[in-house]
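Following is a predicted model, sequence given first.
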Amino acid sequence: MSKTKPNTHCPVYRCKAKAPHVDDPTVQGLFAEFSDPERTALWTMTAIGEVLNSMSADLTAGRNFALILRLRQVEELYVRALYAIFIADDGKLAHILSDEYPNSFSEMYREVNKIVLEGRGLLEVEYPGLNSGVFTAMDTINQGAHASFSAMMMVIGFARHPEHLEPYTSGRYFKHVDTYYRNLEQVHEMFKKDVDKATVLSVLINMSRPASVLFKKEQPETDAAEKKDEGDELGNS
Ligand SMILES: [Zn+2]
């Protein structure tokens, strides 16, 4: 990690902004929309619903590349919305909206996992790899997001291991994402009724118990010791 001086324009560590993000008219426009938790919840649940329907149609049509390469989208939509609504202060929100580096989904996820999911999130739990090594659900969705060869290889592997498609064909995956949709629907309803943020958060924390079933495998007690800790630095993808 390179040494960086604190930036007086932005509270986000390692941000290189040369002026406050809100000086940018584009950020101002985004801020006007997404600093409103009611609208953030509404737009995000709408987006998740559309992606979910689209992925479901892909599965039905056997378009497995299209399905797998988009796995991170719904996770990212959900996590970023919760981060923006419940965790980020105005400075951090302006940073996210600016699309400046650092722009790490993993870091937002860790915060959301700690505060909303009470540490029960499964995206960074390591599982034995299919052939060698270990992988995390986070690795898998990131490979998909980058449309990498290994993500393609995973899809190619479905031909020999159709059982790996089971979370999708059984509907488990779609049920998991539908939970995101319904949680945001309730969050939106509460903000619409002017329920205060702390109360909405505590209701959401309650609704998020127990953890979602996606990526839940029977052997999370692998001895794979070291936690992966590299953030996934994304560009404006
Ligand atoms: Zn910044």
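Done, it's in.

Which stretches in this protein count as helices?
Assigned by DSSP state H, the chain shows helices spanning 25-34, 37-60, 64-68, 71-82, 90-98, 105-115, 137-145, 149-157, 166-169, 172-192, 197-207.

Closest to the mean position in the chain, which residue would that be?
Central residue of the chain (Cα atoms, centre = their mean): Glu76, 2.7 Å from the mean position.

Look up how far Pro6 lies from the closest residue to it other than its chain neighbours.
Nearest residue to Glu76, sequence neighbours excluded (Cβ to Cβ, 6 or more residues apart in numbering): Phe105, at 5.5 Å. Bear in mind the C-beta positions are built from the backbone N, C-alpha and C, glycine included. Distance, Phe105 to Pro6, using Cβ to Cβ, to the nearest Å: 23 Å.

still on that earlier bit, quick check: pLDDT value at the residue nearest to the centre of the chain.
As predicted, Glu76 sits at a pLDDT of 93.

Check Val125 too.
Val125 carries a pLDDT score of 76 in this model.

Roughly how far does it sit from Leu117?
12 Å.

Kindly report the same for Thr199.
Counting by Cβ to Cβ, the gap from Thr199 to Leu117 is 18 Å.

more crowded one of those two?
Neighbours per residue (other Cβ atoms under 10 Å) separate Thr199 from Leu117, with Leu117 holding more: 20 against 10.

wait, isn't that one in contact with Ser208?
Yes - counting by Cβ atoms under 8 Å, Leu117 does reach Ser208; the two are 5.6 Å apart.

Farthest from the middle of this structure: give me that residue.
Relative to the chain centroid, the chain (Cα atoms, centre = their mean) has Arg160 farthest, 29.4 Å.
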